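Student: How does the following fold in three dimensions:
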Amino acid sequence: MDRKLRMGMIGGGKDGFIGAIHRIAANMDGQIEFVCGALSVNNEIAIASGKQLFLPEDRIYISWEEMLQKESELPEGERMDFVSIVTPNFMHFGPAMMALDKGFHVVIEKPIAVSLDEALQLKKKLDETGLSLCLTHTYTGYPLVKHARQLVKDGTLGKIRKVTVEYRQGWLSKLSEREGNAGAAWRTDPKKAGKSSVMGDIGTHAFNLAEYISGLHVSKVCAHLTTVVEGRQLDDDGTVLLQFDNGASGVLIASQVMAGEENNLIIKVYGEAGCLEWHQMEPNTLLLKWQDKPTEILRAGQPYLSAIAKQNSRTPGGHPEGYLEAFGNIYRNFAATVMAKNAGNEVDTAVIEFPSVTEGIRGMAFIDSVVKSNEGSEKWVDYSVD
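Tutor: Here you go, the predicted structure:
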């Protein structure tokens, strides 16, 4: 292509934070321009947000249905190429399906939907249209996460035996949803968040990261969910025992009521020969711990990293890369894929990749399996996407 990709956005107005993150990430490499939006269900906020972002008045929409319809009627040289959906969970499926029906590629916040059935319907629609969908599991965009995955692929740790992943937050330690916190309100509302709050919001991130780095698939779960804060409608804390398809075991902890924690995501993957350890709040360091030699400290931006880590690095060593850059990597890889597809070319998926509908389906199946295990009497529940 000889031009930038044109992006529209559903949600992400000035009353939230995640829309700005998406726009910064999309703009980071100069491959994407933001051309239109239906930025809020509140008409006044939608219009004010669009004006604040200097969108043309005729490209500021007050509903996502209007936006997708009118954009599809524009000449090919003017209409958007893809839409970013940054709404609460219950508003993912409808806009995504209509966007695909209208011929637009899709970027979507996780979890992909509120049910496994919706995720499977999106997969079917993608197969029919040949379009691309990117699911923003941000943490897979970090260079050292990609390097960790490559180390496991290369057999550096030997056969994987155990995976532990913890995602600890404290921001829902009080009944914030009744104190004017809009983000807390929809995340703890079963009509808007789905079957599980904590597993849908952060548990799916932990699950995705465990499968991404280890290269394994979860085959069984044994789960305990609880609602710690009195008066809350959905769970805010959970622990899941995992069994993987190679026989390895694991533990996943996800909690939003660990007072004092910020966004503390930690993963450790243990093999026959050693362990790797990565902390999201210190993302430029990867530890390699060995049974028979000293611990290695790997750093982002160094020449000894793998090709995929280098491809997804932006600065020399000692210049920290973080959340925004990881998000930017996902958008850059998505844009490269869409541009190649539009030109009839292929990309090197060994170094250019992003989470897709496949990860979305696995995430929804994980939530289903965890809830089934928590509510049932069986010790272990089979993980299944059927």
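Student: could you point out which element follows the helix or strand that contains M7?
Tutor: Using DSSP states H and E, the element containing M7 is strand 5-10. Remark: after strand 5-10, the chain's next helix or strand is helix 18-27, criterion DSSP H and E.
Student: tell me what that next one is packed against?
Tutor: Judged by 3 or more CB pairs under 8 Å, 6 or more residues apart in numbering; DSSP states H and E, the packing partners of helix 18-27 are strand 5-10, strand 32-38, helix 323-343. (C-beta placed from N, C-alpha, C; glycine too.)
Student: Please name the residues that touch the spatially most central residue of the chain.
Tutor: By CA atoms, centre = their mean, the mean C-alpha position of the chain lies nearest to H137, the distance being 1.8 Å. H137 makes contact with 110, 204-205, 208-209, 212, 330, 355, 359, according to CB atoms under 8 Å, 6 or more residues apart in numbering.
Student: Any of those residues buried? List them.
Tutor: 110, 204-205, 208-209, 212, 330, 355, 359 (16 or more other CB atoms under 10 Å).
Student: in the one helix or strand D127 maps to, what counts as buried?
Tutor: Per DSSP H and E, D127 falls inside helix 116-129. Applying a neighbour-count criterion of 16+ other CB under 10 Å, one finds 116, 118-120, 122-123, 125-126, 129 buried in helix 116-129.
Student: again with stretch 249-262
Tutor: Neighbour count says stretch 249-262 has 250, 252-258, 261 buried, by 16+ other CB under 10 Å.
Student: Straight-line length of it, end to end?
Tutor: 27 Å (CA to CA, to the nearest Å).
Student: And the contacts of that stretch?
Tutor: Residues outside stretch 249-262 that contact it (CB under 8 Å, 6+ apart): 161-173, 197-199, 201-203, 206-207, 210, 218, 228-229, 236-244, 264, 281.
Student: can you give me the offset of that stretch from its chain's centre?
Tutor: Here stretch 249-262 is found 18 Å from its chain centre; the criterion is CA atoms, centre = their mean, to the nearest Å.
Student: Then stretch 275-287?
Tutor: Mean-position distance between stretch 275-287 and its chain equals 18 Å (CA atoms, centre = their mean).
Student: could you pull out the helices for the stretch 101-250 of the chain?
Tutor: Applying DSSP state H, counting those that start in this stretch to the stretch 101-250 of the chain gives helices spanning 116-129, 143-153, 182-187, 190-193, 198, 204-214.
Student: Who are the packing partners of the longest one?
Tutor: If I follow you right, that is helix 116-129. Using 3+ CB pairs under 8 Å, 6+ apart, helix 116-129 sits against helix 93-101, helix 357-375.
Student: again with the fourth one
Tutor: Contact analysis of helix 190-193 by 3+ CB pairs under 8 Å, 6+ apart lists helix 182-187 as its packing neighbours.
Student: Do I have it right that V198 meets D236?
Tutor: Yes: in this structure V198 lies within contact range of D236 using CB atoms under 8 Å: 5.4 Å.
Student: ok, for the residue nearest to the centre of the chain, nearest residue in space, not its chain neighbours?
Tutor: The spatial neighbour of H137 that comes closest, neighbours along the chain excluded (CB to CB, 6 or more residues apart in numbering), is P355 at 4.2 Å.
Student: if I look at the one you found, how far off is Y331?
Tutor: When distance is defined by CB to CB, to the nearest Å, P355 is 12 Å away from Y331.
Student: any shared contact partners between those two?
Tutor: By the contact definition CB under 8 Å, 6+ apart, P355 and Y331 are jointly contacted by C134.
Student: Stretch 203-217 - what's its average pLDDT?
Tutor: Stretch 203-217 shows a mean pLDDT of 98.
Student: Which positions are bridged to the closest residue to G203 other than its chain neighbours in the beta structure?
Tutor: Excluding the flanking residues, the one nearest G203 by CB to CB, 6+ apart is A254, at 3.9 Å. Beta-bridge pairing of A254 under DSSP bridges involves Y167, G238.
Student: For T136, see how far away A254 is.
Tutor: 18 Å.
Student: dump the residue contacts of A210.
Tutor: Counting by CB under 8 Å, 6+ apart, A210 has contacts 163, 165, 216, 218, 242, 250, 252, 267.
Student: returning to that earlier point: tell me the confidence at the residue nearest to G203?
Tutor: The model's pLDDT for A254 equals 98.
Student: ok, now M1?
Tutor: Confidence for M1, expressed as pLDDT, is 70.
Student: What's opposite the residue lying closest to K162 once chain neighbours are set aside in the beta bridge?
Tutor: Using CB to CB, 6+ apart and skipping the chain neighbours, the partner closest in space to K162 is Y270 (4.4 Å). The partner list for Y270 in beta bridges (DSSP bridges) reads K162, C275.
Student: contacting residues for Y270?
Tutor: Here Y270 is in contact with 157, 160-164 (CB under 8 Å, 6+ apart).
Student: for G37, same thing?
Tutor: G37 makes contact with 8-10, 12, 46, 49-50, 53, 55, 59-61, 67, according to CB under 8 Å, 6+ apart.
Student: So what touches the strand holding M7?
Tutor: Under CB under 8 Å, 6+ apart, the answer for strand 5-10 is 19, 22-23, 26, 31-39, 64, 67, 71, 79-87, 91, 95, 104, 107, 335, 338-339.
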